[in-house]
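Enquirer: Fold the following and give me the result.
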Amino acid sequence: MIKKIDKNQERLRRHTRVKKKIKGTARTPRLSVYRSLNHIYAQIIDDEKGVTLCSASTMEKEVKAQIGEMTKTDAAKVVGKTLAARALEKGVKEVVFDRGGYLYTGRVQAVADGAREAGLNF
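Expert: Below is the predicted model of the structure:
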């Protein structure tokens, strides 16, 4: 009998493997990305204190107004730029990128590109 692969379970396994190596510190917090079917969420986390410093997603009114009828990839880039602007306001200039077990392509890459364009360093 053929067993169906649970893709989210595989992603979570990759994510835990990567999180062993990536730690967000006060100097270089972790930029974590979560991708749902229709939306994308990103947050900057200080793992030492267990605190989320700032976040952005396509669900926010401010971002929704900018997105309009954009594609999901273009919307992800806007989320990256918004997150970077909020991080720079709080004094965060350098982060460690945590792709959350997703492949570094498409919307996940667009978040990273948007954050880099707005001034964050990885």
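Enquirer: So the residue nearest in space to the middle of the chain, which state does it fall into?
Expert: Computing the C-alpha centroid of the chain and ranking residues by Cα atoms, centre = their mean puts V33 first, at 2.5 Å. Recorded secondary structure, V33: strand (DSSP: H, G, I helix; E, B strand; the rest coil).
Enquirer: if I read this right, it contacts G114, doesn't it?
Expert: No: with contact defined as Cβ atoms under 8 Å, V33 does not reach G114; the gap is 11.2 Å. Any C-beta I mention is one placed from the backbone N, CA and C, and that applies to glycine too.
Enquirer: so what does the longest helix along the chain touch, helix or strand wise?
Expert: Ranked by residue count under DSSP state H, the longest helix found in the chain is helix 72-89. Secondary-structure packing of helix 72-89 (3 or more Cβ pairs under 8 Å, 6 or more residues apart in numbering; DSSP states H and E): strand 40-46, strand 51-57, helix 61-67, helix 107-118.
Enquirer: And the helix or strand following it, what does it pack against?
Expert: Note on helix 72-89: by DSSP states H and E, the next helix or strand toward the C-terminus is strand 96-98. Counting by 3+ Cβ pairs under 8 Å, 6+ apart, the packing neighbours recorded for strand 96-98 are strand 30-35.
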